[in-house]
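**Student:** Task: produce atomic coordinates for the following.
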Amino acid sequence: MARNKKYDIFLSHSSLDIDFTNKLHSLLEKAGFHIWYDEKKLTSNTHLLSDLPKYIGNSESFIVVLSKNSCDSTWVQDEYGYARDLQKNKELKAIIPIVIDDCTLPGFFNNYKWIDCKEGLSPVAFFGILAALYGSSENMRQEKDVYVSYSWRKEEQDLVNAVFRQLKRKRYRIIGDAGNNSVYDEDDRIRRIMQTCGAYVGILPYRGESNTSRYILDEICKAQDCGLPGVLFADARVENLEDFEYPLLRITDHESIEDTQLLNHINLLTVKRPKTPHVFFATNLDSRRQSINELIRDLAGVVTATHCILGEDINKGSLQQQIIDRIRSAYVMIADITGDEQCLNCEVGGKVNNGKVNKDKIFRFNTCIEAGIARGADTDLFIIAKEPRQTPPFMFRDIEVRNYDDDCSLLALVHKILRSYRRSVL
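**Tutor:** All right, here's what the predicted structure looks like:
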């Protein structure tokens, strides 16, 4: 599939369903996606017959809102036709149908699993949309993760595909940079991803005059700095690779690459346990929040392809010390410091405390402590809280507190935070 497309999502719908699609578009934007949505993008000089296929082709995924209105719309049918052709050619990642009323679905949707929004856009339905954009919600299982640097150019895929086959034969899970990132390595993102993996493989193409990709060379240096064991595969014409500490296999004939030779080189690889294999989510563990907490746990797994740990998952040994250790070793931590809603109007000594609510009722005390541990351990920390906005505790006033107003926008906010920590499972 083509890399670095302009839009993450093309949103197809009938203009008669604008109330639903406006809400969906708003949530997807809050989640950090760049969306082509005709209510926002369509201009007077847009030529529908020629331009819409171009915009669909320049999108990673295609969401279609199905209703009695849209199923009768020839425009929606045409847009789906363009999207289906692109998906057949592996130029579109996903087609995601969303059903919002009791419509009769066109026959060509019989092979698609659709998301039920007939009762509105619930947190469960919105999670389903987010998970579908990533293709799977099964990425959170424990794996032997290997970070691979490789070329995305079509003409350089022979060696890439051959190495990938042997890595998968060894049952390694291949991790790479997400292809829809707009910049190469903002805020040292690649290094953070590497630190969640147990080994490194570099596949270096030939780019003329004995050279190769400067990005892959940079990633080899990052992997060495992270202390990852690794191996390198390179086109035999690439020079000046001897300074790297990793074992190097040069490939001369790309048309008849020997699997045994590749596998023997991969067998030199030792995959160690990752240093930071999880996301830590600190929040209210009240039974009323169990459903949304489970959705956030699954969302973190979908986006980052790592485990997501909540305090309730720790049930042996010294609980306090176990929580501290898990926070210190986390890939990233999100702390929802929202207090207990039932306590916001509680009485003190039979009277409301001069009309004011104690700070420990507005913000959850234990979560604030956990967030403080993350600060002290220099773990990447994001603090969130439910509206209305309140002045945070003193020790967090230099950190942006990100607010949400309901459970759907909470999912969107968590996704936007984790988006910069996403790993692509290849």
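
**Student:** Which secondary structure element of the chain has the lowest mean pLDDT?
**Tutor:** The weakest-scoring helix or strand in the chain, judged by mean pLDDT, DSSP states H and E, is helix 359-362 (a mean of 61).

**Student:** Torsion angles phi and psi at L285?
**Tutor:** Dihedral pair for L285: phi -100, psi 20, per degrees, to the nearest 10.

**Student:** any idea how far I383 is from the nearest residue to it once chain neighbours are set aside?
**Tutor:** Nearest non-adjacent residue to L285, counting by CB to CB, 6 or more residues apart in numbering: E312, 5.1 Å away. To be clear about C-beta, it is placed using only N, CA and C from the backbone, and glycine gets the same treatment. To I383, E312 is 20 Å away according to CB to CB, to the nearest Å.

**Student:** now swap in D406 and tell me
**Tutor:** 18 Å.

**Student:** Please say which of the two ends up with more neighbours.
**Tutor:** Each of D406 and I383 has its neighbours counted (other CB atoms under 10 Å); I383 has more, 23 against 13.

**Student:** you'd agree the more buried one is in a helix?
**Tutor:** No - I383 is assigned strand when assessed by DSSP: H, G, I helix; E, B strand; the rest coil, not a helix.

**Student:** So what sits opposite it in the bridge?
**Tutor:** A335, V401 (DSSP bridges).

**Student:** Report the contact partners of it.
**Tutor:** Neighbouring residues of I383 by CB atoms under 8 Å, 6 or more residues apart in numbering: I334, A335, I337, A371, P392, F396, I399, E400, V401, R402.

**Student:** one more time with 10 Å
**Tutor:** Residues near I383 by CB atoms under 10 Å, 6 or more residues apart in numbering: 282, 333-337, 363, 367-368, 371, 374-375, 392-393, 396, 399-402.

**Student:** Quick check: which ranges of this protein have low pLDDT?
**Tutor:** 1-4, 39-50, 136-143, 178-187, 273-277, 340-361 (pLDDT under 70).

**Student:** Just give me the residue closest to the centre of this structure.
**Tutor:** Geometric centre of the chain, nearest residue: V303, 2.8 Å, by CA atoms, centre = their mean.

**Student:** which element follows the helix or strand encompassing that one toward the C-terminus?
**Tutor:** Using DSSP states H and E, the element containing V303 is helix 290-304. Sequence order places strand 307-309 as the next helix or strand after helix 290-304, per DSSP H and E.

**Student:** what sits up against that next one?
**Tutor:** By CB under 10 Å, 6+ apart, strand 307-309 touches 139-142, 277-282, 293-294, 296-302, 313, 322-323, 326-327, 329-331, 333-334, 414, 418.

**Student:** Listing partners with orientation, what would you give for that strand?
**Tutor:** Applying DSSP bridges, strand 307-309 is found paired with strand 278-282 (parallel).

**Student:** quick one: the strand it pairs with to helix 290-304, angle?
**Tutor:** Strand 278-282 runs at 150 degrees relative to helix 290-304, counting by axes from the mean of the first three to the mean of the last three CA atoms, to 10 degrees.

**Student:** just how off-centre is strand 278-282 within its chain?
**Tutor:** Taking CA atoms, centre = their mean, to the nearest Å, one finds strand 278-282 lying 15 Å from the centre of the chain it belongs to.

**Student:** can you check stretch 408-424 too?
**Tutor:** Put simply, stretch 408-424 sits 6 Å off its chain's centre (CA atoms, centre = their mean).
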